[in-house]
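Q: Generate a structure from the sequence data that follows.
(2 chains)
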Amino acid sequence: MNRNDIIKRLTEIFQDVFDDDSIEINENTTSADIEDWDSIEHITLINSVEKEFKIRFKMKEVSGMKNVGEMISIILERSK
Amino acid sequence: MKELNYPFDSRYIIKYKKKIKKNLINENASRIKKKIAFLCGSTANDIISSLELFLMNFGIEPVFYISEYNKYWEDSVFGNPEFENFKPDIIIIHTTSRNITYFSKDFSDLKEDVHQKIENQFIHYKEMWEKLKRFNCPIIQNNFEMPLLRPMGNADFWEIHGKTFFINSLNIKLAEYAQNNTDFYINDINYLSSCFGLEKWHDSEYWYMYKYAMSLDAVPETAYSLACIIKSIYGKNKKLIALDLDNTLWGGIIGDDGQEGIEIGCETAEAEAFTEFQESIQEYKKMGALLSICSKNDEENALLGLKHPETVLTADDFVNIKANWNSKDLNLLDTASELSLLPESFVFIDDNPAECNIVESQIEGINIINFENIQEASYRLSRAGYFEVTRLSSDDFKRNDMYNANLKREVHKKSFENYNQYLESLEMTAIIEDFQPVYLPRITQLTNKSNQFNLTTKRYSDTEMNEVFKNSRYIRLYGKLSDKFGDNGIVSVIIGEKNGVSLNIELWLMSCRVLKRNMEYAMLDSLVSECRKQNIKDITGYYFKTPKNNMVANLYKDFGFELIKSFENGDSVWKLNIADYKNLNNIIKIKESEYI
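A: Numbers count the residues shown, from 1 in each chain, chains lettered A, B, ... in the order given. Now for the predicted structure:
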C-alpha cells in the first residue's frame, strides 16, 4: 500500500460521506476546501476512515491533523 | 426503505446518511410533519440525523429544535425565546450517565445521604419535566446506562456508594414517574447498551474529543429506539402478525409428518423452541396484536396442527386463516381486505426466504421476518419495535375477541336475503355521548391509528385531548356499539369546534370493523341533536384527502351536506343546515349512558 493507493480509497470515502461524486482530494486538501466538511461531518469522516483501514486514530492525531497528507502518513505508519 | 428496516447496518447508515436522506426525499411518500425538540446533554447531531432517517421511513417528517450542548436543563426550566416559539409536538431529553452529577463521592456518606443524593438527582430531572409540561406534548426521556467501570467490583451493584447502585435506583424512580404521568415515555438505553455490550457502547475517546456519550456504532440503535416510540405515539404501529405454519409455528411439515410427527411441546429441543415461539406470539396477542395464518397447506391439515395436544396457539387465536395453495401475497391481501386493514400494517413471518421475497416485493410497506432458527424470529419481532407500546387501553386486551365476533357476524349475514334484515337481526345498541374521562386514552389512541374512515386525520396527544375535553368550545361525541355477538367498544369519535352558531368538525373517525352498520348515521343524528341543544344552526365538515381515506371522500355528500368548495388536491368543504335535518338511523337503538 502506498500513498497513491490510500488517496484512491480516501477519495471514495470522501465521496460517500459527502454524497458527492465530483469530490477530488489531494495531499493538501483541508476542511476549508470541502463545503460540507464541518466539525460534525469530521467525526463521520474520521470514523469511516478508521473503519475502512481498520485502525484507530489517537486523540492527539485527530486534533493535530492539518490536511489529507498528514492523514495518509498516519494511515501508512499505522498499517505497517 | 430496506436499509432502514430492522435489522439495519449501523455503519452503513452513519456513512451514507446524506445519500439515504436524498433517496427518502425522492420517494415522495406522504408524511406527517412533526416538530421535535431535542434537548441534549452530549453531542447528539448524529443521533438526530439518524432519527430523521428512521422517522421519515416510518412516515413522519421531523423538524428539529436542538438545544445547545448541555443547555438542556436551562432551556427546559428557564426557557428561551427560540425554544418557546418552536412549539414542539414532542420533546426528547437525551441524557446519559455522563450527565449524572450527584454520584456519592464520599465513603463517609451514610445510607440516608446517598438516598438523598439519588433523590436530588431525580428531582433535578423531575423539575425539568414538570416545567416542560407547559408545551402540552409528549416527553421522551432516556434512562441511564450502566457504567463500564466498577471500582468496587460486584459490590458496585449493592453497596450504597456504588455507581451501579445509584443508577439502578435512579432508573426505578424514572419508571415510577412514567407510570404516574401520561405522555411521558422512557427510551430504555439501559437495555440497548446491555444488548449492544457495554464495552462497545462506551467510547471514552469519543467523549473526550467530541462529547459523544456513546460510540458512533451505537448511535443508530439509540435513534431507532426513539423513532419506535414516536411512531407508536402517532399510531404507526403494526396491527397484525401473519404466520406461516410448517417450520414456523411448529417443526416439520404437517402434510408429510402428520399431527403426531410435528415438533411442538417439550419432548425435544426443537419442539421446545417452537413452543416458546408460540408463547411469545401469544404475548403480542394479549397486547392487542391480531394474528392470522398464511400457509401453503390443505386447510384440513393446518387445523389438525392447531389441534395438537401440546400447541399453545389454537385456531381460535387467529382472526383469519388462509391455508391453501394460492400465492402468499394474494392471501395476505385477501386477509387485509376481509378485516378492513391495510396490508402495510402486517408483519409476515415465514421460514422460507423465497416466500418472504415474493411478499416483500408485492406488498409495499409490509415487514417480513425470515429466519434460520425460530428463536431468531422472536428476537427480531421484539427488537424491531413493530408493536412498541406507548399506551395500552382495555380495548387492546379485547381486540381479538372483537374480531372473532365479526367472523360470527359474517357467517350469520349469509342467512339473510336483504342487508337491512341482517342489520335488524344484529340487535345493535349504541351509546353516543360526550367524552368520559375513563375513555380518553382509547379515544386518543383511535385518533392516532384510524386512517381509512377518518375525514381529517387529525392526531391528538394525551395532553391535547385533555385540552379538548376540558374546553366548552368543543362539542365531543364518542360512540360505542354492541350487538348480540359482542361489544365492539368505542368505535367512533367526533370533535367539533363551535364558532357562533356554526360548528366546524375538526375530527370525524370510525373504526373500519363497524363499516356498513349504520353507526355513522347514528353519530350524525346525535351530533345534530347536540347542536340543536346548543343553538348551533349549521355544521361544516372537511374532507382532507390522504392516500388512505378515499372511502370517506363522499361521506358528507351521502349525509346530505352541500359542497361549499373543492380543491385541486382532493380536499373539500361541506355544509349542512340542520333546521330540516331528519334522523338517518332507524336500526341502531340508542342507550342511555352508563356514566351519569
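Q: what helix or strand does the residue of chain A found nearest chain B sit in?
A: Closest to chain B within chain A is A:Asp19: 3.6 Å, counting by CB to the nearest CB. Any C-beta I mention is one placed from the backbone N, CA and C, and that applies to glycine too. Under DSSP states H and E, no helix or strand contains A:Asp19.
Q: Please name the nearest non-neighbouring residue to it.
A: Leaving aside its sequence neighbours, A:Asp19 sits nearest to B:Lys18 (CB to CB, 6 or more residues apart in numbering or on different chains; 3.6 Å).
Q: The one you found: neighbouring residues, count only.
A: Close neighbours of B:Lys18, defined as other CB atoms under 10 Å in any protein chain shown, add up to 17.
Q: That one reaches A:Ile40, doesn't it?
A: No. Contact criterion CB atoms under 8 Å: B:Lys18 and A:Ile40 do not qualify, at 11.8 Å.
Q: So is stretch B:69-85 next to chain A?
A: No. Interface with chain A: stretch B:69-85 contributes nothing (CB under 8 Å from any CB of the partner chain), its closest point being 11.5 Å away.
Q: and that stretch, average pLDDT?
A: In this model, stretch B:69-85 has a mean pLDDT of 89.
Q: do stretch B:21-38 as well
A: For stretch B:21-38, mean pLDDT is 92.
Q: burial of the closest residue to chain A within the stretch 101-250 of chain B, as a residue count?
A: For the stretch 101-250 of chain B and chain A, the shortest gap (CB to the nearest CB) falls at B:Leu216, measuring 4.9 Å. Counted by other CB under 10 Å, the residues lying close to B:Leu216 total 22.
Q: thinking it is in contact with B:Glu205, fair?
A: No. With contact defined as CB under 8 Å, B:Leu216 does not reach B:Glu205; the gap is 10.9 Å.
Q: check whether the helix or strand of chain A with the lowest mean pLDDT contacts chain B.
A: Here the helix or strand of chain A ranked lowest by mean pLDDT, DSSP states H and E is helix A:59-64, holding a mean of 86. Yes. Judged by CB under 8 Å from any CB, helix A:59-64 comes into contact with chain B at A:Met59, A:Val62, A:Ser63.
Q: what comes up buried for that helix?
A: A:Glu61, A:Val62 (16 or more other CB atoms under 10 Å in any protein chain shown).
Q: ok, and what's touching that helix?
A: A:Ile46, A:Glu70, A:Ile74, B:Glu205, B:Tyr208, B:Met209 (CB atoms under 8 Å, 6 or more residues apart in numbering or on different chains).
Q: Now the last one: closest residue in space, sequence neighbours ignored.
A: Same thing as B:Met209. B:Met209 sits nearest to A:Met59 (CB to CB, 6+ apart), 5.7 Å away.
Q: still on that earlier bit, for the residues of helix A:59-64 next to chain B, which one is nearest B:Phe561?
A: A:Val62 (65.7 Å; CB to CB).
Q: what residues are up against B:Glu364?
A: B:Glu364 touches B:Glu344, counting by CB under 8 Å, 6+ apart.
Q: per-residue pLDDT, B:Ser593?
A: For B:Ser593, pLDDT reads 69.
Q: Which secondary structure state is assigned to the residue in chain B that chain A sits nearest to?
A: Relative to chain A, the nearest point of chain B is B:Lys18 (3.6 Å; CB to the nearest CB). State at B:Lys18, reduced to three classes by DSSP: H, G, I helix; E, B strand; the rest coil: helix.
Q: and it, what does it touch?
A: Contacts of B:Lys18 by CB under 8 Å, 6+ apart are A:Val17, A:Phe18, A:Asp19, A:Asp36.
Q: Over to B:Ser232?
A: B:Ser232 neighbours (CB under 8 Å, 6+ apart): B:Gly385, B:Glu388, B:Val389, B:Thr390.
Q: Apply 7 Å and report the result again.
A: By CB atoms under 7 Å, 6 or more residues apart in numbering or on different chains, B:Ser232 lies in contact with B:Glu388, B:Val389, B:Thr390.
Q: thinking again about what came up before, can you tell me how far the residue nearest to B:Met209 is from A:Ile46?
A: Look at A:Met59 and A:Ile46: by CB to CB, to the nearest Å, they are 11 Å apart.
Q: How about the residues of chain B by chain A?
A: B:11, B:14-16, B:18-19, B:22, B:45, B:205, B:208-210, B:216 (CB under 7 Å from any CB of the partner chain).
Q: So which residues on chain A come close to chain B?
A: A:Asp16, A:Val17, A:Phe18, A:Asp19, A:Ile40, A:Ile43, A:Thr44, A:Asn47, A:Ser48, A:Lys51, A:Met59, A:Val62.
Q: Mind doing that once more with 8 Å?
A: Close to chain B, as judged by CB under 8 Å from any CB, chain A has residues A:13, A:16-19, A:36, A:40, A:43-44, A:47-48, A:51, A:59, A:62-63.
Q: Tell me the buried residues within those residues.
A: If you count burial by 16+ other CB under 10 Å, the buried members of the residues of chain A next to chain B come out as A:Ile13, A:Asp16, A:Val17, A:Phe18, A:Asp19, A:Ile43, A:Thr44, A:Asn47, A:Ser48, A:Lys51, A:Val62.
Q: Please convert the buried members of the residues of chain B next to chain A into ChimeraX selection syntax.
A: Applying 16+ other CB under 10 Å to the residues of chain B next to chain A leaves a buried subset, and the ChimeraX line that selects it is:
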select /B:14,15,16,18,19,45,209,210,216
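Q: among the residues of chain B next to chain A, which two are most distant?
A: B:Lys22 and B:Tyr208, at 33.0 Å, using CB to CB across the residues of chain B next to chain A.
Q: Which stretches in the stretch 51-200 of chain B count as strands?
A: With strands called from DSSP state E, counting those that start in this stretch, the stretch 51-200 of chain B shows them at B:60-66, B:90-94, B:139-142, B:184-187.
Q: most tightly surrounded among the ones you listed?
A: Most buried of the strands of the stretch 51-200 of chain B, by mean neighbour count (mean count of other CB atoms under 10 Å in any protein chain shown): strand B:90-94, with a mean of 25.
Q: What lies in contact with it?
A: B:34-42, B:44, B:47, B:72, B:76, B:125, B:128-129, B:132, B:135, B:137-142, B:187, B:226, B:230, B:233.
Q: Could you list which of those residues belong to helices?
A: B:Ile47, B:Tyr72, B:Ser76, B:Tyr125, B:Met128, B:Trp129, B:Leu132, B:Leu226, B:Ile230, B:Ile233 (DSSP state H).
Q: What score does residue 43 have for pLDDT?
A: Reading this off chain A. 90.
Q: Wait, chain B was what I had in mind.
A: On the pLDDT scale, B:Thr43 gets 89.
Q: Pull the contacting residues for the residue located most distally from the centre of chain A.
A: Distance from the C-alpha centroid of chain A peaks at A:Lys80, with 17.9 Å (CA atoms, centre = their mean). If you count contacts by CB under 8 Å, 6+ apart, A:Lys80 has none.
Q: Can you classify it as helix, strand or coil?
A: coil.
Q: about what we covered before: got the contact list for the residue of chain A closest to chain B?
A: By CB under 8 Å, 6+ apart, A:Asp19 lies in contact with B:Tyr16, B:Lys18, B:Lys19, B:Lys22.
Q: Sketch out the low-pLDDT regions of chain B for me.
A: B:593-596 (pLDDT under 70).
Q: mind giving me the domain split of it?
A: B:2-233, B:240-383, B:417-590 (automatic domain parsing).
Q: how about those domains in CSV, adding distance to A:Asp5?
A: Shown next, in CSV, are these (distance: least, CB to CB, whole Å):
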stretch, distance to A:Asp5
domain B:2-233, 20
domain B:240-383, 38
domain B:417-590, 50
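Q: Nothing else from me, thank you.
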